[in-house]
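**Q** what follows is a predicted structure for the sequence shown.
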Amino acid sequence: MHELSIAVAVVEQVEEAVRAQGRGVETLTLRIGELAGVVPEALDFSFGLATEGTALAGTRLLIETVDARGRCDGCGREAPTGMPPVLWCAACGATLTLLGGRELEIVGVTLTDGPRDGKGPDDGPRAAPSGLPVHDEEAGHVPHR
Amino acid sequence: MCRTVDLHQAVLAKNDENALALRGYLGDRGTVAVNLLSSPGSGKTALLEQLLGRAVAGGTPAAAVTADLATENDATRLARSGAPVQQILTDGLCHLEAGMLQRRLEGWLPEGTRLLFVENVGNLVCPASYDLGETLRVALASVTEGEDKPVKYPAAFGLAHLVVITKTDIADAVDFDREAFLRGVQQVNPGVPVLETSARTGQGVDALLAHVLRCAAGDETHVPVLARQHERYLHSHGPGDGNGHGQPRGDGQAQAHGDGPAHSDGDGHVHTAGHPLEREHEHEPGAERSPVRGRTP
Ligand SMILES: [Zn+2]
């Protein structure tokens, strides 16, 4: 599962984006398409690990999912692609153009009223989630099974 | 009271930036990267040994980077081909990222390398999300893995420019349902070429190398539906490439047959026919789509 890598990337980007605000982050919203190759439950779990000891510790993760839709290049018909996707038109057989469903986006955050509440250490290097190897900037994770 | 901050950032923006930089670096050197994705045990390394050996023998400067969670066994095997080979140990990470590849290439990638094969970590889920600056992404599956592999892993097969079936020498022994496999491939990636290979008998390897070289020369492009919209960088073919938008269906496939092998049951059959609804087109005069084997009228 690469959800931990993704969670770490999210945490790094958001920490950087809100550093100047001097306030804690209450909620963080992600938009994830049906075809993004990410399992929301796994990402939610990974997010808990990835925020440990960071400025985002205690932040609530909100995930908006986006259904995949396509438009037929032949007849113009629009329809959900389903999952696993069928990327040709059921009516005329032409290839679809994907209208959405591969989103993997940080939508935004809400900030707390005051400075962050100290659920995690404010200073010092970020600790690795226990038991997981760390290399370069990425936390390691186990292969998908 | 809370304050809302809109961010609207792509989660993998950093990797995409690295991939874009890497694509530029490779482009400047005239190197085309080929990203190979498959599950463990699909025979990726065996096939790569053959590809490297033939590329070297045919005078095409080729090199390989192979990624594994641990051990350097694959690099040792591949180095016997005579091509320069590097190993990336990911220490447990289940996919390669563009930055990791870039760091490995800097100061090593030999001048004049035309083809750089990147053997990704054996895993069909995670590597699919990471652009490595490649020009050609190849998803492989062996005949022993089951016909439903493409629909089970739609991102891996759906984002590929080429699908390769491996170990076809034992297809009959394991009752490989070729038609079901091809149907699944076309469902998630309409129009993608499919090649059949056996590293043991050598079947299809020359055709595969020829296909890779045509792609490297820009003579052949397939744009996956999944890659059309969101990835700004993924699967672009370098500066000035015009693919990705508004390309009429079939452009790539038509070229696939120009100098391709005969559509016999022999080596290197390029399957590009689609789903059942397309069958009618195969009967049209001048249709350039090759029939899926077993579906030929
Ligand atoms: Zn249609």
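**A** Happy to help now that I have it.
**Q** pLDDT-wise, which helix or strand of chain B ranks last?
**A** The weakest-scoring helix or strand in chain B, judged by mean pLDDT, DSSP states H and E, is helix B:251-258 (a mean of 32).
**Q** quick one, strands of the chain?
**A** All of this refers to chain A. A:25-33, A:60-66, A:69-72, A:78-80, A:96-100, A:104-111, A:134-135, A:138-139 (DSSP state E).
**Q** wrong one, chain B
**A** So, for chain B - with DSSP E - the strands run B:3-10, B:32-37, B:62-68, B:85-89, B:115-119, B:136-142, B:162-166, B:194-196.
**Q** okay, these in TSV with distance to the ion next?
**A** Every C-beta, even on glycine, is put in place using the N, C-alpha and C of the backbone. TSV is the format used below for those (distance: least, Cβ to the ion, whole Å):
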stretch	distance to the ion
strand B:3-10	30
strand B:32-37	30
strand B:62-68	40
strand B:85-89	43
strand B:115-119	36
strand B:136-142	26
strand B:162-166	24
strand B:194-196	23
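**Q** of all these, which lies closest to residue B:103?
**A** Closest to residue B:103 of the strands of chain B is strand B:85-89 (Cβ to Cβ; 8.8 Å).
**Q** ok, residue 105 - contacts?
**A** By default, I'm working from chain A. A:30, A:31, A:32, B:8, B:9, B:10, B:11 (Cβ atoms under 8 Å, 6 or more residues apart in numbering or on different chains).
**Q** that was the other one, I meant chain B.
**A** Contacts of residue B:105 (Cβ under 8 Å, 6+ apart): B:22, B:25, B:65, B:86, B:116.
**Q** quickly note the distance from it to residue A:90.
**A** Applying Cβ to Cβ, to the nearest Å, the value for residue B:105 to residue A:90 is 44 Å.
**Q** name the member of the contacts of residue B:105 with the most neighbours.
**A** Of all the contacts of residue B:105, the highest neighbour tally under other Cβ atoms under 10 Å in any protein chain shown goes to residue B:116, namely 27 neighbours.
**Q** which residues touch that one?
**A** Residue B:116 touches B:26, B:31, B:32, B:33, B:34, B:62, B:63, B:64, B:65, B:105, B:109, counting by Cβ under 8 Å, 6+ apart.
**Q** now, which of these sits nearest chain A?
**A** residue B:105 (15.4 Å; Cβ to the nearest Cβ).
**Q** what about the helices in the chain?
**A** Since you didn't name a chain, this refers to chain A. Ranges of helices within chain A are A:3-18, A:40-51, based on DSSP state H.
**Q** my question was about chain B
**A** With DSSP H as the criterion, chain B has helices spanning B:13-29, B:44-57, B:73-79, B:98-105, B:149-152, B:154-158, B:178-188, B:205-216, B:225-228, B:251-258, B:279-282.
**Q** worst average pLDDT in those?
**A** Ranked by mean pLDDT, the helices of chain B bottom out at helix B:251-258, with a mean of 32.
**Q** show me where pLDDT drops low in chain A?
**A** A:1, A:115-145 (pLDDT under 70).
**Q** in it, which residue is closest to the centre?
**A** In chain A, the residue lying closest to the centroid (Cα atoms, centre = their mean) is residue A:30, at 5.2 Å.
**Q** in this structure it contacts residue A:10, no?
**A** Yes. Between residue A:30 and residue A:10 there is a contact at 6.8 Å, judged by Cβ atoms under 8 Å.
**Q** if we can go back for a sec, okay, the helices of chain A, which one's buried deepest?
**A** Highest mean neighbour count among those (mean count of other Cβ atoms under 10 Å in any protein chain shown): helix A:3-18, with a mean of 22.
**Q** report whether that one contacts chain B.
**A** Yes. Counting by Cβ under 8 Å from any Cβ of the partner chain, contacts between helix A:3-18 and chain B involve A:5, A:6, A:9, A:10, A:12, A:13, A:14, A:17, A:18.
**Q** contacts for that helix?
**A** A:25, A:28, A:30, A:38-39, A:42-43, A:45-47, A:49-51, A:54-56, A:104, A:106, A:109, A:111, A:129, A:132, A:137-139, A:141, B:5, B:7, B:9, B:11-15, B:93, B:95, B:97, B:126, B:129.
**Q** give me the angle between that helix and strand A:104-111.
**A** 50 degrees (axes from the mean of the first three to the mean of the last three Cα atoms, to 10 degrees).
**Q** chain center to helix A:3-18: distance?
**A** Distance of helix A:3-18 from its chain centroid, counting by Cα atoms, centre = their mean, to the nearest Å, is 9 Å.
**Q** swap in stretch B:140-153?
**A** 15 Å.
**Q** buried set for that stretch?
**A** Residues of stretch B:140-153 classed as buried: B:140, B:141, B:142, B:143, B:145, B:146, B:147, B:149, B:150, B:151, B:152, B:153 (neighbour count, 16 or more other Cβ atoms under 10 Å in any protein chain shown).
**Q** contacting residues for the residue in chain A sticking out farthest from the centre?
**A** Each residue of chain A has a distance to the centre, and by Cα atoms, centre = their mean the biggest one is for residue A:92: 35.2 Å. Contact analysis of residue A:92 by Cβ under 8 Å, 6+ apart lists A:72, A:74, A:75, A:77, B:277.
**Q** who wins on neighbours among these?
**A** residue A:72 (19 neighbours).
**Q** from residue B:81, how far out is the nearest residue to it once chain neighbours are set aside?
**A** Nearest residue to residue A:72, sequence neighbours excluded (Cβ to Cβ, 6 or more residues apart in numbering or on different chains): residue A:89, at 3.8 Å. Separation of residue A:89 from residue B:81 (Cβ to Cβ): 44 Å.
**Q** the two: who's more crowded?
**A** For residue A:89 versus residue B:81, neighbours defined as other Cβ under 10 Å are more numerous around residue A:89 (23 against 20).
**Q** for the residue lying closest to residue B:216 once chain neighbours are set aside, the count of nearby residues, please.
**A** Closest residue to residue B:216 apart from its sequence neighbours, by Cβ to Cβ, 6+ apart: residue B:32 at 4.0 Å. By the measure other Cβ under 10 Å, the count of residues near residue B:32 is 24.
**Q** equivalent analysis for residue A:63, please.
**A** Residue A:63 has 16 nearby residues by other Cβ under 10 Å.
**Q** run through the residues that contact it.
**A** The neighbourhood of residue A:63, defined by Cβ under 8 Å, 6+ apart, consists of A:29, A:30, A:31, A:32, A:40, A:43, A:44.
**Q** which of those sits closest to residue B:196?
**A** When the contacts of residue A:63 are compared against residue B:196 (criterion: Cβ to Cβ), the nearest one is residue A:32, at 35.3 Å.
**Q** measure how buried that closest one is and give me the count.
**A** Neighbourhood size, residue A:32 [other Cβ under 10 Å]: 22.
**Q** next: residue B:133.
**A** 29.
**Q** how about the residue nearest to residue A:72, phi and psi?
**A** When read as degrees, to the nearest 10, the backbone of residue A:89 gives phi -80, psi 130.
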